[in-house]
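Engineer: Here is a sequence with its predicted model. Questions after.
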Amino acid sequence: MKPAPTHAAAAEEFLKDSERSHWHDETLWHVRSKRDVSAQRIPEWEQLRTLASQIKDHVLSNLDNLLLQFEKNAQANGIEVLWAKDAQEHNDHVLRILEENQVRQLVKSKSILTEECGLNHFLEDKGYDVVDTDLGERIIQFNKQVPSHIVMPAIHLKKKEIGDIFHKHLGTEAGADDPKYLTEAARQHLRQKFIQAHAAITGVNFGIAETGGFVVCTNEGNADMGTHLADIHIACMGIEKLIPRAADLGVYLRLLARSATGQSITNYTSHFHRPRKGKKMYLILVDNGRTKQLGREDFRNSLKCIRCGACMNTCPIYRRSSGFSYNSTVPGPIGSILSPGMDLNKHSTLPFASTLCGSCSDVCPVKINIHEQLYKWRQVITKEGPPQTSKRWAMRFGGQVMSKPRLFDLMGKMARKSLSISPRGFVYNSFNAWGKHRELPEVPKETFKDWYRTNRNDDK
Amino acid sequence: MTSKESILAAIQANKPALLPLPEQPEFPYDSNLTEQYRQSLSLNGGEAREAKSLKEVTNHLQEHFRNSQMIVSLSEKVAGNFDVNMADDPHELEHAEVAILEGEWGVAENAAIWLPEEKLHHRALPFIAQHLIVLLKKDRLLGNMHEVYARINVEGSGYGVFIAGPSKTADIEQSLVIGAHGPRSMTVFLLD
Ligand code: SF4
């Protein structure tokens, strides 16, 4: 099998289009700024983050009992609960439900879990036409792409490209790229799909153990349009999405949308507890590697994630390299600590796609120590993973030099001398991974040590 | 071993020692609820109006929806022109132009209105209609989400939803567009 491209190589592709990458960077930073404004409006913001983190601590430490409680209550509500240990079993459950109910037309709202399980491809291979109804997801589905961001799936595309995609698939006017016009075209197209659908698939934002129901958040209302018109509702939920009590939603809903886009709440927050009269509701509980991650003490609390996307919007690497460069269902900082747990070899470069600045941990509404986990994955990968060739020798050499003060002084002197007289090609070449797209600062005349010696004497 | 058993066994083997579940917090909210509600809804793309009497609601309907063929009102106080009981199936609401509903609670901090199934008749109604009007008594306004969850019983209804604005999207270059799939407007009348 061809190895997945490294993060750096994939990022380089994205950076070739400098206008797009610049726009991407600025746009996500704008979203991050809106998050700040919104968070600052809540005096107890930090307390809420702590609570959200502690509630999830409890959930992870009591997950088996809470899942049993959840299942029992959901069944009493008339929801059929299914368990899936991996992606394949999840997909098989969905297929069986569709076959049993003779479903031909189905609509789907946003679910990162079904993306993780490759559900669309699986069903398409079986002859189903799966219609994604979130506008961003419909766009990338037409374009045969996967989401590049968990909240803004089509953030890598410009409106002109979306205009072209819609022209091809929906017959909008050639060259038309007004977001309002394009959204209206999608509305008309998807309305027909909603009206015709027999089954609706949704994700789950929160499962409530105490009541046996679940909550789905959208701004478009597409999850609701789908489920309230179709006969069958299939909800797909990762086992970590559980919360103990309905009242805990008060904490999470105040944090989620504010962290995601700066909104105070999504315009629709739907609580499902029982199917409509005469209709059916299924809920699939999926493990797919989550119980393994639970056993990794250092990485366990990555399972607290409520998928707000804030860590992506704030990340200087994500903003400049885009979601595709991560080559993983969940990109960005959180993806870089979740994905190595699923496939260490495939995702071995992700924990290095970070400056370890810690901004992700600062904005995370459930207080995951993302940057510390990135650092810990690096240690695991350096020991067990595939070799990181270009930086490895430099690191080893650097380690030697820095452990010997005399040698360090000497090398510093030599570097200051040689860098100032070296030809460019000598410094910026393929052996120097740090020299790409970056300029070295001007070489100082003296070291800090020298400067300090002189200036301290002057003070006397 | 079934998948359920193997998942539960893996959790038991891998979970950390039990950590306590924190108490639910109370965060008091002291702000002018009506004014705050109005601002919050406006930020979400909707509009809140203080109404002295129901006359203002009927005037609004006259002004904006005089020619509408299908106004579905679930409020006894305001007349529509389509009896929801005539629709056995939600698909029959496909051409609903306006839905008028009575909210149970409103949240000032984020404009969310709690609508349990009993207030919707068909779950699809507030989504499929082109425009949404909600009537809410001012004394049903609360500060924040903690206060509302302390008062509602989510599993009491088979379905319940917080609606905090019209259907919207920003999926094309982050430009906000109102009216993605559901209502193109949401107007809330705050009644004395
Ligand atoms: S890790 Fe935290 S910031 Fe990132 S998506 Fe998850 S909850 Fe949001």
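Structural biologist: Now that the structure is in, tell me what you want to look at.

Engineer: Averaged pLDDT, stretch A:133-142. What do you get?
Structural biologist: What stretch A:133-142 shows for mean pLDDT is 97.

Engineer: That stretch and chain B in contact?
Structural biologist: Yes. Using C-beta under 8 Å from any C-beta of the partner chain, stretch A:133-142 reaches chain B at A:133-136, A:139. All C-beta spots, glycine's among them, are computed from the backbone N, C-alpha and C.

Engineer: Could you pull out the buried residues of that stretch?
Structural biologist: A:133-142 (16 or more other C-beta atoms under 10 Å in any protein chain shown).

Engineer: Tell me the spacing between the residue nearest to the spatial centre of chain B and B:A180.
Structural biologist: When C-alpha atoms, centre = their mean is applied to chain B, the residue found nearest the centroid is B:I163 (2.4 Å). Taking C-beta to C-beta, to the nearest Å as the measure, B:I163 falls 14 Å from B:A180.

Engineer: now A:F272
Structural biologist: 20 Å.

Engineer: Check the burial of the residue nearest to A:K126 when sequence neighbours are not counted by counting its neighbours.
Structural biologist: Distance criterion C-beta to C-beta, 6 or more residues apart in numbering or on different chains; nearest residue to A:K126, sequence neighbours excluded, is A:L95 at 6.3 Å. For A:L95, the neighbour count with other C-beta atoms under 10 Å in any protein chain shown is 15.

Engineer: Are we agreed that A:L95 is in a helix?
Structural biologist: Yes. The assignment for A:L95 is a helix, going by DSSP: H, G, I helix; E, B strand; the rest coil.

Engineer: where in chain A is pLDDT low?
Structural biologist: A:1-4, A:387-395, A:427, A:429-437, A:457-460 (pLDDT under 70).

Engineer: domain parsing for it?
Structural biologist: Domain ranges of chain A: A:42-288, A:405-459, per automatic domain parsing.

Engineer: and among the ones you listed, the most buried is which?
Structural biologist: domain A:42-288 (a mean of 21; mean count of other C-beta atoms under 10 Å in any protein chain shown).

Engineer: what sits against the nearest residue to A:S321 once chain neighbours are set aside?
Structural biologist: Distance criterion C-beta to C-beta, 6+ apart; nearest residue to A:S321, sequence neighbours excluded, is A:A11 at 3.5 Å. For A:A11, the contact set (C-beta atoms under 8 Å, 6 or more residues apart in numbering or on different chains) comprises A:317, A:320-322, A:325, A:353.

Engineer: And the strands in the chain, which stretches?
Structural biologist: No chain in the question, so chain A it is. A:80-84, A:105-108, A:129-132, A:199-202, A:206-208, A:213-218, A:232-238, A:242-243, A:268-272, A:280-286 (DSSP state E).

Engineer: meant chain B actually
Structural biologist: For chain B, strands defined by DSSP E occupy the ranges B:47-51, B:71-73, B:98-102, B:105-107, B:113-116, B:131-137, B:141-142, B:159-163, B:168-169, B:177-178, B:185-191.

Engineer: how far is the fifth one from where the chain is centred?
Structural biologist: Centre-to-centre, strand B:113-116 and its host chain are 5 Å apart (C-alpha atoms, centre = their mean, to the nearest Å).

Engineer: If you average the pLDDT over that strand, what comes out?
Structural biologist: Computed over strand B:113-116, the average pLDDT equals 98.

Engineer: now for that strand, which elements pack on it?
Structural biologist: On a contact count with 3 or more C-beta pairs under 8 Å, 6 or more residues apart in numbering or on different chains; DSSP states H and E, strand B:113-116 meets strand B:105-107, strand B:131-137, strand B:159-163.

Engineer: so how far is the ligand from the residue found closest to A:E13 once you drop the neighbours it is linked to in the chain?
Structural biologist: Leaving aside its chain neighbours, A:E13 sits nearest to A:S325 (7.5 Å; criterion: C-beta to C-beta, 6+ apart). For A:S325, the distance to the ligand equals 17 Å [C-beta to the nearest ligand atom, to the nearest Å].

Engineer: before we move on, back to that, mind putting the domains of chain A into CSV with distance to the ligand?
Structural biologist: Converted to CSV, the domains of chain A look like this (distance: least, C-beta to the nearest ligand atom, whole Å):
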stretch, distance to the ligand
domain A:42-288, 6
domain A:405-459, 26
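
Engineer: List the contacts of residue 51.
Structural biologist: You didn't pick a chain, so chain A it is. So A:L51 contacts A:251, B:22, B:25 (C-beta under 8 Å, 6+ apart).

Engineer: To clarify, I was referring to chain B.
Structural biologist: B:57, B:189-192 are the contacts of B:A51 under C-beta under 8 Å, 6+ apart.

Engineer: For it, which residues count as its bridge partners?
Structural biologist: Beta-bridge pairing of B:A51 under DSSP bridges involves B:L191.

Engineer: On the pLDDT front, check it for me.
Structural biologist: 96.

Engineer: measure it to the ligand for me?
Structural biologist: Taken as C-beta to the nearest ligand atom, the span from B:A51 to the ligand is 39 Å.

Engineer: circling back: does the residue nearest to the centre of chain B touch B:A129 like I think?
Structural biologist: No. Using C-beta atoms under 8 Å, B:I163 is not in contact with B:A129, being 11.6 Å away.

Engineer: how much space is there between the residue nearest to A:Q373 when sequence neighbours are not counted and A:G398?
Structural biologist: Nearest non-adjacent residue to A:Q373, counting by C-beta to C-beta, 6+ apart: A:I337, 4.3 Å away. Separation of A:I337 from A:G398 (C-beta to C-beta) stands at 25 Å.

Engineer: Looking at the two now, which is surrounded by more residues?
Structural biologist: Neighbour totals were compared for A:I337 and A:G398, and A:I337 leads with 31 against 13 (other C-beta under 10 Å).

Engineer: Disregarding residues adjacent in the polypeptide, which is nearest to B:L18?
Structural biologist: Per C-beta to C-beta, 6+ apart, closest to B:L18 is A:S61, 4.9 Å.

Engineer: which ones are touching the one you found?
Structural biologist: A:S61 neighbours (C-beta under 8 Å, 6+ apart): B:15-19.

Engineer: again, but for A:M281
Structural biologist: With contact taken as C-beta under 8 Å, 6+ apart, A:M281 is in contact with A:78-80, A:232-233, A:235, A:272, A:274-275.

Engineer: want to throw the residues you listed into a markdown table with distance to chain B?
Structural biologist: Listed next are the contacts of A:M281 as a markdown table, based on distance: C-beta to the nearest C-beta, whole Å:
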| residue | distance to chain B |
| --- | --- |
| A:G78 | 8 |
| A:I79 | 10 |
| A:E80 | 13 |
| A:I232 | 14 |
| A:H233 | 10 |
| A:A235 | 13 |
| A:F272 | 6 |
| A:R274 | 3 |
| A:P275 | 7 |
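
Engineer: Quick one: residues contacting the residue sitting furthest away from the middle of chain B.
Structural biologist: Largest separation from the mean C-alpha position in chain B: B:M1, at 43.7 Å (C-alpha atoms, centre = their mean). Shown in contact with B:M1 (C-beta under 8 Å, 6+ apart): B:A9.
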